[in-house]
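>>> Kindly generate the corresponding structure for this input.
(one chain, ligands or ions: 2)
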Amino acid sequence: MGSLDIAGFEAAARARLADDVWGYIQGGSGSESALRANREALERLRVRPRFLVDVSACDPSTSVLGLPLATPLGIAPMAYHRLAHPEGEVATAEAAGASGTLLTVSMFASRTLEDIAAAAAGSPLWLQLYWLRERAAVVELADRAAAAGFSALVLTVDAPKVARRPRDSRSGFTVPEGIGAVNLPSSLTASAHRHSEGASSIERHSREQFDPGITWADLAWLRERTSLPLLIKGILTAEDAELAVAHGASGVVVSNHGGRQLDCAVASADALPEIVDAVGGRCPVVVDGGIRHGSDVLKVLALGADLALIGRPVLWGLAQGGAAGVAELLELLRAELTEAMVLSGCPLTSDINRSFITAG
Ligand SMILES: Cc1cc2nc3c(=O)[nH]c(=O)nc-3n(C[C@H](O)[C@H](O)[C@H](O)COP(=O)(O)O)c2cc1C
Ligand SMILES: CCCCCCC(=O)C(=O)O
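Ligands and ions are numbered 1, 2, ... in the order given. Next up, the predicted model:
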């Protein structure tokens with residue numbers, strides 16, 4: 001360890017993980033066109049650097065919803081970190097905590113919220129939720145998160161069900177016994193471990209548990225039952241961003257779920273500008289999907305995002321070296337972002353704006 005670039009992290013994780021787990025982590029839905037589009041959109045964007053600016057003291061720190069963050073890069077919610085490493089989310093939280101990086105914990109985390117919070121050692125944590133048919137379980141989790149010191153909830157709205165993901169259908173991906181969504185009642189999670197040849201247990205499980213009938217009007221029900229700020233994840237249009245703000249969202253996460261839901265969905269970076277314009281500064285705009293380099297963070301900040309989240313690479317770091325692997329990955333991205341800021345004439349994150357970006 002110590003000298004890996006992002007491709008090195010990916011290759012090292014590929015070598016360590018079983019084929020079906022690798023397919024679940026890496027895969028997208030359908031033809032994987034939304035997955036590819038995320039990277040293509042970021043690659044198309046080019047930076048217009050400015051020179052003879054004093055960059056002798058470059059500082060990538062920021063704050064979102066009143067939380068001081070070491071960098072404008074957080075960790076996206078991902079289910080079952082123990083698929084990548086036995087310590088799972090506790091190892092991820094240890095690395096995030098040591099570097100002051102925001103960690104968004106999935107409702108389908110494989111370690112308890114309380115153990116994750118202890119490992120994060122006071123560093124910021126958000127909890128992601130899906131809207132389950134069993135509403136009481138959602139509220140109970142929100143209460144536990146508040147008690148454990150989590151500072152916000154993130155409701156994912158792009159998944160009335162988990163999409164058909166060909167890699168998982170082909171492998172018959174099934175969540176292994178011994179790795180579970182330990183924060184949910186076992187009566188709600190047993191199905192994740194039921195194997196069917198040629199079918200994904202995750203997709204079947206989501207059809208059983210997720211409530212596909214919720215609408216914007218239901219948000220008030222959840223907001224009345226928690227004191228935590230609620231962000232909405234999976235927003236891809238100005239119209240839905242407007243609705244989110246109108247329904248009291250404390251933030252929006254622009255995301256096509258890493259290309260894992262609607263296969264023909266717009267890329268996150270392509271959707272971002274219209275959403276930033278629609279929100280008009282009324283709440284923070286977070287974005288994820290295809291962020292692989294510090295310069296990608298600079299690009300989405302230039303388009304108006306307040307914070308970028310990174311998904312799969314964190315699991316690559318985790319697979320490669322547990323907490324140390326995630327720490328190394330986060331440090332690589334922090335160093336790349338700082339260098340990109342120095343080389344483009346942006347000493348502070350608040351200096352980054354749309355004049356720094358062109359569509360190539
Ligand atoms: C293995 C895996 C599990 C995921 N689990 C969740 C989840 O539980 N909840 C959620 O809202 N998004 C989930 N996501 C989507 C991520 O939060 C995020 O939107 C996406 O991974 C970002 O794209 P990137 O992986 O290209 O960085 C998952 C993604 C992956 C790769
Ligand atoms: C019913 C289990 C759902 C876990 C979904 C995790 C996820 O969002 C993903 O993209 O995979």
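
>>> could you pull out the strands for the stretch 101-250 of the chain?
Assignment of strands within the stretch 101-250 of the chain using DSSP state E, counting those that start in this stretch yields the ranges 103-105, 125-129, 152-156, 230-235.

>>> can you tell if the longest one touches ligand 2?
No. Shown here: strand 230-235 not in contact with ligand 2 (Cβ under 6 Å from any ligand atom), separated by at least 10.0 Å. (Each C-beta comes from the backbone N, C-alpha and C, glycine too.)

>>> quick one: pLDDT of the most centrally placed residue in the chain?
By Cα atoms, centre = their mean, the chain has its centre lying nearest to Ala76, at 1.8 Å. Per-residue pLDDT puts Ala76 at 99.

>>> does it really touch Pro313, like I thought?
No. Here Ala76 does not reach Pro313: they are 9.9 Å apart, not a contact under Cβ atoms under 8 Å.

>>> Output the contacting helices and strands for whichever strand or helix holds Val286.
Here Val286 sits within strand 285-288, counting by DSSP states H and E. In this structure, strand 285-288 packs against strand 251-254, helix 268-279, strand 307-310, with contacts taken as 3 or more Cβ pairs under 8 Å, 6 or more residues apart in numbering; DSSP states H and E.

>>> Show me the contact partners of the helix or strand where Glu43 lies.
When secondary structure is defined using DSSP H and E, the element that contains Glu43 is helix 33-44. Helix 33-44 is contacted from outside by 27-29, 256, 258-270, 289-292, 296, 299-300, 359-360, using Cβ atoms under 8 Å, 6 or more residues apart in numbering.

>>> Run through this protein and note the low-pLDDT ranges.
Applying pLDDT under 70 to the chain flags residues 1-2.

>>> List, one by one, the residues from the protein near ligand 1.
Taking Cβ under 6 Å from any ligand atom, the part of the chain that reaches ligand 1 is made up of 25, 38, 76-79, 106, 108, 128, 156, 233, 255, 257-258, 260, 288-291, 310-312.

>>> and the contacts of helix 33-44, which of them are in helices?
With helices taken from DSSP state H, the overlap with the contacts of helix 33-44 comprises 268-270, 296, 299-300.

>>> Okay, helices next: where are they in the stretch 51-200 of the chain?
88-99, 113-120, 135-148, 166-171, 186-189 (DSSP state H, counting those that start in this stretch).

>>> As TSV, the ones you listed with mean neighbour count would be great.
As requested, the helices of the stretch 51-200 of the chain are arranged in TSV below (neighbours: other Cβ atoms under 10 Å):
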stretch	mean neighbour count
helix 88-99	25
helix 113-120	21
helix 135-148	17
helix 166-171	18
helix 186-189	13
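
>>> Ok, which of those helices comes nearest Ala249?
The closest approach between Ala249 and any of the helices of the stretch 51-200 of the chain, judged by Cβ to Cβ, belongs to helix 135-148 at 15.1 Å.
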